[in-house]
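1. Predicted model, plus sequence, below.
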Amino acid sequence: MEYEPIFKFPEYNIFMTDLFLQNYWQFNPIITMKNGGWEMFLSEDMLKKVSERGYNYALQDGFFEQFEKESMKMVKLVLEIKDTKVEEMDNEQLIHFIDKLFGLAKKFLAKYNITEFINFTKIEKEIQDYIEEKDISFEEVMSGCVNLTTWPEDKRKLADYIINMQHLKFELRKAINEVFIGSTAVIPRLLQQLVIKTGREDALNMTLKEIKNCLNGKEVKEVTDRYVYSYIIWDKDNEQMIIISGGDAYRKIRELNKDIPQNEVIGVSACKGLVKGVVKIIPLSMTPKKYFGKMEKDDILVSDTTGPEMVPLMEKAAAIVTDEGGMMSHAAIISREFNIPCVVGTKCATKTFKDGDLIEVNANNGVVKKI
């Protein structure tokens, strides 16, 4: 079975993986960690199923309106925890808060996963095929400046859905950032407290169950090796992660990793244009401000993915290139808003290129290459 890399985080851990999998387990992912670098893979069959699910939601009468209403309720619940003073909690209170957090994550991610770019592959293709001979670009459709009233009903529903969903996704992502991004956000503060309260440097590479045992004074084995190499799947029957670490994980990770091209990557053109410039690798980070001084005007931003916290950097870029994403990814949406040439979904741009490389971004055909 073939697997494709879908999501990456350069700074992640086992505890956060457990939180993430409270909902995303349903996609039967394989997750790998290598020296803290985190990557999630999905099978080609699963990607087709998720894309088909998104297509069906788009054509379902009233789905978006109800989904938006329920999603905004979840946003309010997430924002209610952002000022939680975890530093003032004793161990029992901290365990109670962690349980609340995991319950909230399960419900919130049940909504957020429907906005992930993998849900829109079939929708995007059908719209692209329809407008191919109409002298209309996908960017124009997504900007809302195309009159859809003359379109066939099914095509109009698809377009309306994807246009509305891109705006809702931003609202959900902003809520995530409120609790995740920056040293004063509640999640980074919680992670710090887990290390302090357990007295364990390896605390963040424990599962939820292990963290709670440790906080309750029970013995938990050393798990530092998980940071170096981990291969993770979800046990549906027992509702917990299965973690393989060490040499066995290394061998499984090597089987997943495909050959990395040396000079050129190909992705999806999200906003057209042709530019040349100097590469700056800017990873997605819980503390993004540390990279703000790295990016100069007209550099080419190369990242695993982007988020709202990276918009000040994106505005400086001559072009944007990402490993992840499709036409509904954050990078794609922002590039269209600011008319910045953009290629998404290259799989490995952050590995093929390095800081200082001079590259050409041909966002007319989705090719990015060294020059």
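-> Received the coordinates, thanks. Numbering: from 1, shown residues only.
2. Going by the annotation, which residue ranges form each domain of the chain?
-> Domains of the chain are assigned by automatic domain parsing as 3-254, 264-370.
3. Deepest-packed of the ones you listed, please.
-> Mean neighbour count (mean count of other C-beta atoms under 10 Å) peaks for domain 264-370 among those, with a mean of 20. C-betas here are computed from N, CA, C, even on glycine.
4. now that one: mean pLDDT?
-> In this model, domain 264-370 carries a mean pLDDT of 91.
5. tell me how far the ends of that domain are from each other?
-> From its first residue to its last, domain 264-370 covers 6 Å (C-alpha to C-alpha, to the nearest Å).
6. and that domain, how far out from the chain's middle?
-> Here domain 264-370 is found 15 Å from its chain centre; the criterion is C-alpha atoms, centre = their mean, to the nearest Å.
7. ranges for the strands of the stretch 151-300 of the chain?
-> Along the stretch 151-300 of the chain, the stretches classed as strands by DSSP state E, counting those that start in this stretch are 229-235, 240-245, 264-266, 268-271, 274-281, 300-303.
8. out of those, nearest to residue 326?
-> strand 268-271 (6.0 Å; C-beta to C-beta).
9. With just CA atoms, put that closest one into CSV.
-> Backbone C-alpha positions of strand 268-271 (Å, rounded to 0.1, in the frame of the first residue of the first chain) are rendered in CSV as follows:
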residue,chain,number,x,y,z
VAL,A,268,0.2,22.5,-7.5
SER,A,269,0.1,26.0,-8.8
ALA,A,270,-2.0,28.0,-6.3
CYS,A,271,-1.4,31.5,-7.7
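10. Show me what that strand is packed up against.
-> Counting contacts by 3 or more C-beta pairs under 8 Å, 6 or more residues apart in numbering; DSSP states H and E, strand 268-271 packs against helix 330-338, strand 342-344.
11. Need the strands of the stretch 151-300 of the chain in a markdown table (columns: distance to residue 191).
-> Below are these laid out as a markdown table (distance: least, C-beta to C-beta, whole Å):
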| stretch | distance to residue 191 |
| --- | --- |
| strand 229-235 | 17 |
| strand 240-245 | 18 |
| strand 264-266 | 33 |
| strand 268-271 | 33 |
| strand 274-281 | 24 |
| strand 300-303 | 22 |
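12. any idea which helix or strand of this protein has the worst average confidence?
-> Here the helix or strand of the chain ranked lowest by mean pLDDT, DSSP states H and E is helix 138-143, holding a mean of 86.
13. my guess is residue 110 meets residue 23, correct?
-> Yes - using C-beta atoms under 8 Å, residue 110 is in contact with residue 23, at 5.1 Å.
14. What's the mean pLDDT across the helix ranked longest in the chain?
-> In the chain, taking DSSP state H as the definition, the longest helix is helix 153-180. Helix 153-180 shows a mean pLDDT of 93 in the predicted model.
15. the inter-axis angle of that helix versus helix 330-338?
-> Counting by axes from the mean of the first three to the mean of the last three C-alpha atoms, to 10 degrees, helix 153-180 lies at 110 degrees to helix 330-338.
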